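sequence-free structure coming up:
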């Protein structure tokens, strides 16, 4: 499968909503709401997330993940002088488990190694992607009520040589 990245464009907003809704649909469906109520709630949450990302991560690199058939996900990365922060990565369900996310994360980890900076992320404690992050060498660096904060040190600073 040929995967590529391109810059986010305003025309991608509806795709990003569909992607966001897909990642949260099962959780929201458990509340017993009808489809219209779920969509209204998810749209409100998506809009809030987008505004937060724009304010908190101004200057982040926001890219759309594509394959031959069109957009399949997104990745947002904030680069600082002393770190790389994975703000968000999401793939449509049918593209998960195919090594796409691992490959993209591997590229970020290589950048961190070359720049001698840690790669950081936050993951919901209940998110199954946490296992992938752990396999890639991320370790807990803190937590809050909902999220686990994880870091992956550059290879030369990582005592385990991961």
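Alright, I've got the coordinates. Because the structure is predicted, anything quoted here is derived from the model rather than measured.

tell me which element residue 117 falls in.
If you go by DSSP states H and E, residue 117 is not part of any helix or strand.

ok, the residue nearest to it when sequence neighbours are not counted - contacts?
Leaving aside its sequence neighbours, residue 117 sits nearest to residue 83 (Cβ to Cβ, 6 or more residues apart in numbering; 5.3 Å). (Glycine included, C-beta is placed from N, CA and C.) By Cβ atoms under 8 Å, 6 or more residues apart in numbering, residue 83 lies in contact with 117-120.

most neighbours out of the residues you listed, which is it?
Greatest neighbour count in those, by other Cβ atoms under 10 Å, goes to residue 119: 26 neighbours.

SS state for residue 72?
Each residue gets one of three states, and residue 72 gets strand by DSSP: H, G, I helix; E, B strand; the rest coil.

any idea how far the closest residue to residue 92 other than its chain neighbours lies from residue 106?
By the measure of Cβ to Cβ, 6+ apart, the closest residue to residue 92 outside its immediate chain neighbours is residue 72, 5.1 Å from it. Look at residue 72 and residue 106: by Cβ to Cβ, to the nearest Å, they are 18 Å apart.

quick one: which of the two has more around it?
Higher neighbour count among residue 72 and residue 106: residue 72, with 22 against 12, using other Cβ under 10 Å.

residues contacting the spatially closest residue to residue 91 that is not a sequence neighbour?
Spatial nearest neighbour of residue 91, excluding adjacent residues (Cβ to Cβ, 6+ apart): residue 73 at 3.8 Å. Contacts of residue 73 were listed using Cβ under 8 Å, 6+ apart, and they are 19, 64-65, 89-92, 95, 100.

do you know the pLDDT at residue 157?
The model reports residue 157 with a pLDDT of 69.

meant to ask about residue 147
Reading off the model, residue 147 has pLDDT 92.

could you do residue 160 as well?
At residue 160, pLDDT is 51.

just checking, what packs against the top helix by length along the chain?
Ranked by number of residues, the top helix in the chain under DSSP state H is helix 35-56. Packing partners of helix 35-56 (3 or more Cβ pairs under 8 Å, 6 or more residues apart in numbering; DSSP states H and E): helix 13-29.

what angle do the helix it packs on and helix 35-56 make?
Angle, helix 13-29 to helix 35-56, by axes from the mean of the first three to the mean of the last three Cα atoms, to 10 degrees: 120 degrees.
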